[in-house]
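**Q** have a look at this fold, sequence not included:
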């Protein structure tokens, strides 16, 4: 394992710990508010990830049909890291907006 993959693995682990701590802090709030924040965060994350994937599809289309080259796709590991970053940011925003 190279140092680059170690850094990415560390970032992913950090995101998992931060998301877990945010979910644990939501447990202190009432059920309805906690569920609303989680649903809103998941919906926001889903929209952003679908938008990111649509941009990747458009870039691949441009690369293949306009430039005549090979498509460059997202690395699955990097996609997972980006999804966790998007979820973390959405969770922080929604918790600040709808939380205490």
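**A** Alright, I've got the coordinates. Predicted model, so just to flag it, every value in this text is computed and none were measured. Numbering: from 1, shown residues only.
**Q** excluding its backbone neighbours, what's nearest the residue nearest to the spatial centre of the chain?
**A** Taking CA atoms, centre = their mean, the centroid of the chain lies closest to residue 83, which sits 1.9 Å from it. Once flanking residues are discounted, residue 83 sits nearest to residue 49: 5.6 Å by CB to CB, 6 or more residues apart in numbering. C-beta here means a position set from N, CA and C on the backbone, and glycine is covered the same way.
**Q** also residue 19?
**A** Looking at residue 19 with CB to CB, 6+ apart, the closest residue is residue 88, at 5.6 Å.
**Q** pretty sure the one you found contacts residue 16?
**A** No. Taking CB atoms under 8 Å as the definition, residue 88 is not a contact partner of residue 16, at 9.5 Å.
**Q** and the closest residue in space to residue 72 that isn't next to it in sequence, how many residues sit next to it?
**A** Nearest non-adjacent residue to residue 72, counting by CB to CB, 6+ apart: residue 63, 6.3 Å away. Burial of residue 63 is recorded as 15 neighbouring residues (other CB atoms under 10 Å).
**Q** the residue nearest to the centre of the chain contacts residue 45, correct?
**A** Yes. Counting by CB under 8 Å, residue 45 is a contact partner of residue 83 at 7.0 Å.
**Q** show me what the longest helix anywhere in the chain is packed against.
**A** Longest among the helix segments of the chain by residue count, using DSSP state H, is helix 31-61. Applying 3 or more CB pairs under 8 Å, 6 or more residues apart in numbering; DSSP states H and E, one finds that helix 31-61 contacts helix 3-26, helix 76-98.
**Q** against residue 55, how distant is residue 11?
**A** 21 Å (CB to CB, to the nearest Å).
**Q** quick check: residue 98 vs residue 36, distance?
**A** For residue 98 relative to residue 36 (CB to CB), the value is 6 Å.
**Q** with residue 49 instead?
**A** Taking CB to CB as the measure, residue 49 falls 20 Å from residue 36.
**Q** before we move on, what about residue 69?
**A** Residue 69 sits at a distance of 46 Å from residue 36 (criterion: CB to CB).
**Q** which one's more surrounded, these two?
**A** Counting neighbours by other CB under 10 Å for residue 69 and for residue 36 shows that residue 36 has the greater number, 14 against 10.
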